[in-house]
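[1] Provided below for reference: sequence and predicted model.
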Amino acid sequence: TNRGEIFTVTNHAIGFATNNSSPQMVLQTAGRLLIGTTTNTFTGVGSSRLQVSGTGADTAGAALIRTSNDGGGAYLQFVKNRGSATQANDTVGAISWMGHDGTDVESYFAQIAVKAEANATSNSMRGRIQFHTTHNSSVTSERLRLTSDGKLGIGTTTPRTEVDIHDGQLSFSHRTDYSI
């Protein structure tokens, strides 16, 4: 294979820095790329291969930018590959919000997960979106589900109608302090 390589001959990480400063990016021996930190952070889902750390939105964020003169936008794709067909209940991808609980950063606030609703077959996929939150706990509970056939379940994981509310309780409030 024709390629250039940067490597160490011993078991050490590789640090990258500019302007003679401390490392701004580190490639660890385990293959983790740390940006803005030299220390791996373990979360409730383990140690991610890419970690971006900073003190503000401009240093602890990521941007996907498409610069083309057309209607297309940037994409973030989550892909599940078993080496065979995706199976029912496989998690295809998730976005989690976690925070420091005074001990570590392994506690969840909320999560949105996409799961396979059935075994995949040739060009036929069925997926659902699950919304999870926590309440006086660090473990999420599913609160809302959108099924592959468009049914919305609130407080139920098996919605039977277009909108299915667990105990049938629905509340509407009316505000009188506004004008049109």
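    On my side now, so go ahead.
[2] Just give the nearest non-adjacent residue to the residue nearest to the spatial centre of the chain, would you?
    A centroid search over the chain (Cα atoms, centre = their mean) returns I95, at 2.2 Å, as the residue closest to the centre. In space, and not counting its chain neighbours, I95 is closest to I112: 5.0 Å by Cβ to Cβ, 6 or more residues apart in numbering. (C-beta placed from N, C-alpha, C; glycine too.)
[3] these two touch, right, the one you found and I129?
    Yes - using Cβ atoms under 8 Å, I112 makes contact with I129 at a distance of 6.7 Å.
[4] returning to what we had before: what about the residue nearest to I95, how many residues nearby?
    14 (other Cβ atoms under 10 Å).
[5] Give me the neighbour count for the nearest residue to R49 once chain neighbours are set aside.
    Of all residues not flanking R49 in the chain, R32 sits nearest, at 5.5 Å (Cβ to Cβ, 6+ apart). Using other Cβ under 10 Å, R32 has 16 neighbouring residues.
[6] Ok, T43 next?
    So T43, with other Cβ under 10 Å, has 15 neighbours.
[7] Please name the nearest non-neighbouring residue to it.
    V105 (5.4 Å).
[8] distance of the one you found from S53?
    11 Å (Cβ to Cβ, to the nearest Å).
[9] what is in contact with those two at once?
    Residues touching both V105 and S53 (Cβ atoms under 8 Å, 6 or more residues apart in numbering): T41.
[10] about what we covered before: for the residue nearest to T43, which residues are in contact?
    41-44, 98-99.
[11] May I ask which two of the residues you listed are separated the most?
    The distance between the two most remote of the contacts of V105 (Cβ to Cβ) is 14.3 Å, for F42 and G99.
[12] picking up where we left off before, TSV for the contacts of V105, including secondary structure?
    Below are the contacts of V105 laid out as TSV (DSSP: H, G, I helix; E, B strand; the rest coil):
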residue	secondary structure
T41	coil
F42	coil
T43	strand
G44	coil
M98	strand
G99	strand
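[13] Kindly indicate which of those lies nearest G4.
    Out of the contacts of V105, the member with the shortest distance to G4 (by Cβ to Cβ) is T41, at 30.1 Å.
[14] what helix or strand does the residue lying closest to the closest one once chain neighbours are set aside sit in?
    Leaving aside its sequence neighbours, T41 sits nearest to Q51 (Cβ to Cβ, 6+ apart; 5.9 Å). Using DSSP states H and E, Q51 falls within strand 50-52.
[15] buried sites along that strand?
    Q51 (16 or more other Cβ atoms under 10 Å).
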